[in-house]
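A.B. asks: here you go, sequence then predicted model.
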Amino acid sequence: MNKMVKTSIAAALLSTALFANAAEAQQKIGYVNMQQVLINLPQARNLEQQVQEEFKGRISEIEEIEGKMQALQEKAERDSKIMSQREMQDMSRELELLDATRQVKTKGLREDMQRRGNELRDQLMAGVMRNAQALASEQQYDVVLSSNSLVYANENFDLTDDVLKKMTGGN
């Protein structure tokens, strides 16, 4: 009987020690709302403008083709009564050729602009990730998650504003 009491006391002390260690080893966890960071970063707001600037030569080339098309259409409407059948056919072919060229160039431009925009967004997102990791390391977080992987989290664990401050130099 005496042995049983000692074993029970030892088990109780051991379980108490285990729970105490678990409480001491509590992890520091935070989260970042990546979408909100991207929306509020000045660099993200300028991405579209940067892409437009990079492709302005090709954009103006397409606008020039559209201008030629419009001028040809206006000429066809204006001079249709005095033009021969052959001249009308030639003008129609030229319009079709310009339209086909415009469509090909527009499609290529759209794809290139989208690809470049994605590259710039990926670079920006990599910067956000680096800054979030640096912040987590500086503040000794054990785990930092993206908010879209959470079901619920207390606002006290939100690092979004801190990441924004870090990326904008505290502004």
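C.D. replies: Now that the structure is in, tell me what you want to look at.

A.B. asks: okay, now the unreliable bits of this protein?
C.D. replies: For the chain, the stretches with pLDDT under 70 are 1-25, 170-171.

A.B. asks: residue boundaries of the strands in it?
C.D. replies: When assigned using DSSP state E, the strands of the chain occupy the ranges 29-32, 143-146.

A.B. asks: most packed of the ones you listed?
C.D. replies: Among the strands of the chain, ranked by average contacts under mean count of other C-beta atoms under 10 Å, first place goes to strand 29-32 (a mean of 20). Every C-beta, even on glycine, is put in place using the N, C-alpha and C of the backbone.

A.B. asks: for that one, packing partners?
C.D. replies: Judged by 3 or more C-beta pairs under 8 Å, 6 or more residues apart in numbering; DSSP states H and E, the packing partners of strand 29-32 are helix 85-138, strand 143-146, helix 160-167.

A.B. asks: save these as JSON lines, and put in distance to residue 63 too.
C.D. replies: Formatted as JSON lines, the helices and strands packed on strand 29-32 follow (distance: least, C-beta to C-beta, whole Å):
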{"stretch": "helix 85-138", "distance to residue 63": "10"}
{"stretch": "strand 143-146", "distance to residue 63": "41"}
{"stretch": "helix 160-167", "distance to residue 63": "36"}
